[in-house]
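J.: Take a look and give me a structure for this.
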Amino acid sequence: MRIRQAVVMVGGKGTRLRPLTDTRPKPTLPVMDRPCLSYLLESLARGGIEKVILACGYRPEEMAAAIGDGSREGLEIEYAYEDTPMGTAGAIKLLEKDLDEVFVAANGDVFADMDLRKEIEEHERTKASLTISLTRVRDPSEFGIARLDGTGRILEFREKPKTKEEQFSDLANAGVYVVNKDVLRYVPEGKMYDFSKDLTIDLINKGYRVQGHILDGMWMDVGRPKDLIGANIAAAERAGRRDHGDAVRGSEITGTFHLGQGSRMTDSAVSGSVISKECVISSSNISGSLIMSGCDITGAEISGSIIGERCTIGEGVRVLDAVIADDTVMTSKKDKGKAVR
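T.: Numbering: from 1, shown residues only. Next up, the predicted model:
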């Protein structure tokens, strides 16, 4: 059986990434000059998915403008809108009549580049009602975690366990599901209902086979500034270092680095950072940061930060562990030498 349809949930507001998410949905934030969501969409297409329904809640017009109709990924994308937030399972319940008997569901606010076919194969082989992608994490307290038996069946699932006693596993929910449509009967109409916190636990308690699939590929949460920076650096590391030619002059580069198309860098020191397209960097020190497109940075120090699009940062300005809004100008005397955090 071939699974052709996916629902991707993109309704969150991304509050921890403000002010960047004041003007755009979190899944459209860049990973190496591409919307973060585009990596998941490509994974879905490689896995045989033909149609994707994006369940939008927050700033849907900006979502559609950034993602488009799916033709770049070889998909047909349809946009669905919820007036009132209903939770991840509740949002899918609203689409129930349009869904195939077996479909894929995914959280769209993560960086995921994975082999979906293997998860689908495991779902079919084990005759599961629900299969959940899992990935190993360092801090289980931030995720839903699963305990498996020897066949990969999920015996216990706990959302964001706080105590060491509750943290019985380092296998975290990566938010990509293969779903038999008939389990949606347990999602109540018109109520807030979550896929992992509610439906998954309900199905386990009712005796349904909920299968855990160890994800094959790359997955990262991008909910916090350091996570979005980390996703960019991980993607750049996988892409490998390339020769930047005349675009980089008189500069020292250490660690992972990416320079976007049309960007130039002179007389600077950069380590572990991604500089997006159409940026001009000169006489600056940048470490552990993401510089979004169209920025002009001269004589500045930037560390552990995200600089929004089209920012101008001038001589003597220090930006440390901060998120700077689009179109910010920091060149005046009052900014010089001051550490912005």
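
J.: hey, let's count contacts and neighbours off CA atoms from now on
T.: Will do.

J.: Which residue comes closest to the residue nearest to the spatial centre of the chain once chain neighbours are left out?
T.: Centroid-nearest residue in the chain, with Cα atoms, centre = their mean: residue 110, separated by 2.2 Å. Nearest-residue entry for residue 110: residue 221, 4.9 Å, with adjacent residues in sequence omitted and distances by Cα to Cα, 6 or more residues apart in numbering.

J.: The one you found contacts residue 111, doesn't it?
T.: Yes - Residue 221 is in contact with residue 111 according to Cα atoms under 8 Å; the separation is 6.3 Å.

J.: who has more neighbours, those two?
T.: For residue 221 versus residue 111, the count of surrounding residues by other Cα atoms under 10 Å is larger for residue 111: 27 against 18.

J.: distance between the helix or strand containing that one and the chain's centre?
T.: If you go by DSSP states H and E, residue 111 is part of strand 110-114. Counting by Cα atoms, centre = their mean, to the nearest Å, strand 110-114 is centred 6 Å from the centre of its parent chain.

J.: List the strands paired with it, with their directions.
T.: In the sheet, strand 110-114 lines up against strand 217-221 (antiparallel) (DSSP bridges).

J.: buried ones in the helix or strand that comes right after the partner strand?
T.: Using DSSP H and E, the next helix or strand after strand 217-221 towards the C-terminus is helix 225-239. Residues of helix 225-239 classed as buried by neighbour count (16 or more other Cα atoms under 10 Å): 225-236.

J.: For the residue nearest to the centre of the chain, which residues are in contact?
T.: When contacts are counted by Cα atoms under 8 Å, 6 or more residues apart in numbering, residue 110 touches 27, 36-37, 219-223.

J.: Then residue 140?
T.: 160-161, 167, 169-172.

J.: State the helix or strand in which the closest residue in space to residue 68 that isn't next to it in sequence lies.
T.: Take residue 68 and drop its neighbours on the chain: the residue closest to it by Cα to Cα, 6+ apart is residue 77, 7.8 Å away. Here residue 77 sits within strand 76-81, counting by DSSP H and E.

J.: can you list the residues that contact that strand?
T.: Residues from elsewhere that reach strand 76-81 (Cα under 8 Å, 6+ apart): 50-57, 60, 64, 68-70.

J.: And the next helix or strand past it?
T.: Sequence order places helix 87-93 as the next helix or strand after strand 76-81, per DSSP H and E.

J.: And the contacts of the very next helix or strand once past that following helix?
T.: Heading C-terminal from helix 87-93, the first helix or strand you meet, by DSSP H and E, is strand 102-107. Contact with strand 102-107 is made by 3-10, 175-181, as judged by Cα under 8 Å, 6+ apart.

J.: Please identify the pairing partners of strand 102-107 and their relative orientation?
T.: Looking at strand 102-107 with DSSP bridges, its partner strands are strand 5-10 (parallel), strand 171-180 (antiparallel).

J.: Just give me how far stretch 158-174 sits from the chain centre.
T.: Offset of stretch 158-174 from its chain centre (Cα atoms, centre = their mean): 21 Å.

J.: Average pLDDT for it, rounded please.
T.: Mean pLDDT, computed over stretch 158-174, is 81.

J.: Nearest residue to residue 38 in space, please, no chain neighbours.
T.: Using Cα to Cα, 6+ apart and skipping residues adjacent in sequence, the residue nearest residue 38 is residue 67, 7.3 Å away.

J.: for the one you found, phi and psi?
T.: Main-chain torsions, residue 67, degrees, to the nearest 10: phi -90, psi -40.

J.: Give me the packing partners of the helix or strand that contains residue 145, helices and strands only.
T.: Element membership for residue 145 (DSSP H and E) is strand 144-148. When contacts are defined as 3 or more Cα pairs under 8 Å, 6 or more residues apart in numbering; DSSP states H and E, strand 144-148 packs onto strand 154-159, strand 171-180.

J.: ok now it, how far from the chain's centre?
T.: Between the centre of strand 144-148 and the centre of its chain there are 21 Å (Cα atoms, centre = their mean).
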